[in-house]
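**Q** just need the structure, nothing else, for what follows:
(one chain, ligands or ions: 1)
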Amino acid sequence: MSQLSTQPYKGTRDFYPVDMRVRNWMFSRVRRTLKAYGYEEYDGPMLEPFELYAAKTSEEIVNEQLYWLVDRGERKMAVRPEMTPTLARMVAQKQNELPRPIRWFSIPNLWRYERPQRGRLREHWQLNVDVFGGDALAEDLEICQVIVALMEGFGAVSGFEVRLNHRGVTDYVFRELLKLTDAQIPVIGRLLDAAAKMGMDAFGENLAKEGMSASQIELLKSLLQKDAADRLRKQLGDNPHFAHLARLLQRLDELGIGPLFRYDPSIMRGFMYYTGMVLEVYDLHPDNNRALFGGGRYDNLVGMFGGKPLPGVGFGMGDVTLRNFLEINKLLPNLSAPNGLYVAHLDEPQLLDAQKIALQLRKLFANASIEVPVLTALSPDKPKKIFATAEKLGARTVVFVGGDDVKAGRYPMKDMVTGEQTTGVPGELAIKYMTVAMSAAAGAIHGP
Ligand code: HAM
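**A** You can find the predicted model right below:
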């Protein structure tokens with residue numbers, strides 16, 4: 001029999017503790033920001049009936065990317081490729097009971113059968129933030145603000161840009177300015193969506209292959225130009241969807257965050273369910289100039305379950321692109337900085353004494369509401385080996401428990417970062433640790 005591989009399935013990741021630390025850090029920041037805006041966390045099942053996606057999501061996802069299975073009861077089930085249909089189902093189920101506005105977020109793992117590449121995997125975690133039950137303009141404005149707040153929560157006050165468009169405007173451009181037929185719209189829409197990646201020449205060639213005339217190609221190419229918005233403004237005149245976008249941009253300006261947003265008529269987004277504002281957030285770093293995350297407004301998803309229509313708006317932010325953004329913009333803190341205490345005994349008879357001291361220390365930290373890991377040694381060792389083990393385990397400080405120390409009731413402690421040594425009862429050691437570690441943390445914040 002051939003040996004089993006230790007590699008995870010293609011396009012998925014093992015999260016060893018060093019990676020889990022980063023994922024937890026990213027999502028703890030996210031939770032903090034969202035809770036400040038009054039968003040509540042929800043979750044749903046990994047498996048949903050296949051039809052939930054077949055009905056409304058994107059063709060690419062359903063035909064090429066869905067993982068599905070037939071369960072033992074012959075039901076065709078899909079592994080969730082996105083969260084929005086589950087969210088719409090959950091909202092529809094309790095539509096009349098839920099207090100409004102509904103402000104919810106979730107961080108599910110999602111599955112798509114993709115060709116793995118930078119920023120794209122087969123399993124990723126995706127923050128979903130959505131709001132229902134308010135005025136469209138106020139909701140769109142809030143979602144835009146939340147995006148900025150999330151980025152600020154990571155220390156990013158610039159270096160990214162939110163590009164806004166509106167499905168109603170795109171529809172007008174397609175139907176009224178380009179005179180496209182119903183059959184042509186999704187095909188040309190997909191090409192426009194992929195245009196930035198394929199380059200202008202290939203875009204033009206593909207449009208010609210789809211039977212677009214020279215003037216249609218020129219207009220479509222002009223949507224990708226920097227001054228597209230200004231040129232379109234004249235042609236769009238009093239289009240109500242365009243007016244909505246203009247008002248939104250004006251409010252964002254008034255809130256002082258306008259420079260982070262701009263109207264971009266080439267933003268498409270792949271999902272069929274979007275009906276209003278759509279947005280895509282871009283990293284502006286020259287080495288990572290790509291889409292980070294996106295979303296939009298959907299008016300008919302909740303109504304699909306038979307109840308009254310309840311429009312919603314939101315976005316999905318993936319952990320893979322977010323981590324790339326934070327790394328390239330140097331916004332990830334050092335999560336492996338030495339932290340916590342390692343309580344080690346020198347000989348076997350002091351095992352229990354060391355355990356009791358560790359217990360006391362944990363209680364003292366818990367009472368002070370401070371999270372400090374207190375690790376114990378699982379075998380006796382010589383001091384040199386104890387230091388080496390403590391360092392490998394990422395501890396900051398070592399407490400030694402030897403026979404004489406137990407008799408005296410006072411224990412030597414050494415901080416491996418500052419080199420400081422102390423001897424004391426557990427209460428004194430805890431205070432000393434807190435003072436040293438906290439002044440180090442303060443130094444990290446205010447330091448050079
Ligand atoms: P989406 O554009 O398909 O939208 O995904 C949102 C984000 O999730 C992407 O911009 C990217 O950050 C991340 N993402 C998606 N697919 C992958 C992948 N294969 N590997 C890594 N990251 C990925 C949606 O899913 C919408 N349901 C979002 C939404 C929520 N719209 C309204 N509310």
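**Q** report the buried residues of stretch 322-335.
**A** 322-326, 329, 332 (16 or more other Cβ atoms under 10 Å). To be clear about C-beta, it is placed using only N, CA and C from the backbone, and glycine gets the same treatment.
**Q** show me what contacts residue 224?
**A** 195-196, 200, 203, 266 (Cβ atoms under 8 Å, 6 or more residues apart in numbering).
**Q** mind redoing it with 7 Å?
**A** 195-196, 266 (Cβ atoms under 7 Å, 6 or more residues apart in numbering).
**Q** swap in residue 348?
**A** Applying Cβ under 7 Å, 6+ apart, we find residue 348 in contact with residue 380.
**Q** roughly how far apart are it and residue 245?
**A** Applying Cβ to Cβ, to the nearest Å, the value for residue 348 to residue 245 is 73 Å.
**Q** run through who's touching stretch 392-399.
**A** Identification of contacts with stretch 392-399 by Cβ under 7 Å, 6+ apart yields 336, 338-344, 357, 375, 386-387, 390, 411, 413-417, 429, 433, 437.
**Q** correction: stretch 370-385
**A** By Cβ under 7 Å, 6+ apart, stretch 370-385 touches 339-348, 354-355, 358, 361-362, 365, 386, 389, 393, 395, 400, 433-434.
**Q** do stretch 244-254 as well
**A** With contact meaning Cβ under 7 Å, 6+ apart, stretch 244-254 is reached by 137, 140-141, 144, 164, 166, 169, 258, 261, 263, 277.
**Q** give me the buried entries from the residues you listed.
**A** For the contacts of stretch 244-254, a burial check counting by 16+ other Cβ under 10 Å picks out 140-141, 144, 164, 166, 169, 261, 263, 277.
**Q** check contacts around residue 210.
**A** 187-188.
**Q** at 8 Å what do you get?
**A** Applying Cβ under 8 Å, 6+ apart to residue 210 gives the contacts 184, 187-188, 191.
**Q** mind listing which of those residues are in strands?
**A** When these are checked against strands (DSSP state E), there are no matches.
**Q** quick check: what element follows the host helix or strand of residue 127 along the chain?
**A** Here residue 127, judged by DSSP states H and E, is contained in strand 123-132. Sequence-wise, the next helix or strand downstream of strand 123-132 (DSSP H and E) is helix 136-153.
**Q** quick one: average pLDDT of that following helix?
**A** The average pLDDT for helix 136-153 rounds to 98.
**Q** what pairs with the strand holding residue 127, and is each one parallel or antiparallel?
**A** Paired with strand 123-132 in the same sheet, following DSSP bridges, are strand 102-106 (antiparallel), strand 109-111 (antiparallel), strand 312-318 (antiparallel).
**Q** which stretch among the ones you listed comes nearest the ligand?
**A** Closest of the strands paired with strand 123-132 to the ligand is strand 312-318, at 2.6 Å (criterion: Cβ to the nearest ligand atom).
**Q** which bits of the chain sit near the ligand?
**A** Neighbours of the ligand within the chain, by Cβ under 6 Å from any ligand atom: 82, 84, 112, 114, 120-121, 124, 126, 128, 130, 291-296, 314-318, 320-321.
**Q** could I have the PyMOL command that selects the buried members from the residues you listed?
**A** Buried residues among the residues of the chain next to the ligand (16+ other Cβ under 10 Å), as a PyMOL selection:
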select buried, resi 82+84+112+114+121+124+126+128+130+291+292+293+294+295+296+314+315+316+317+318+320+321
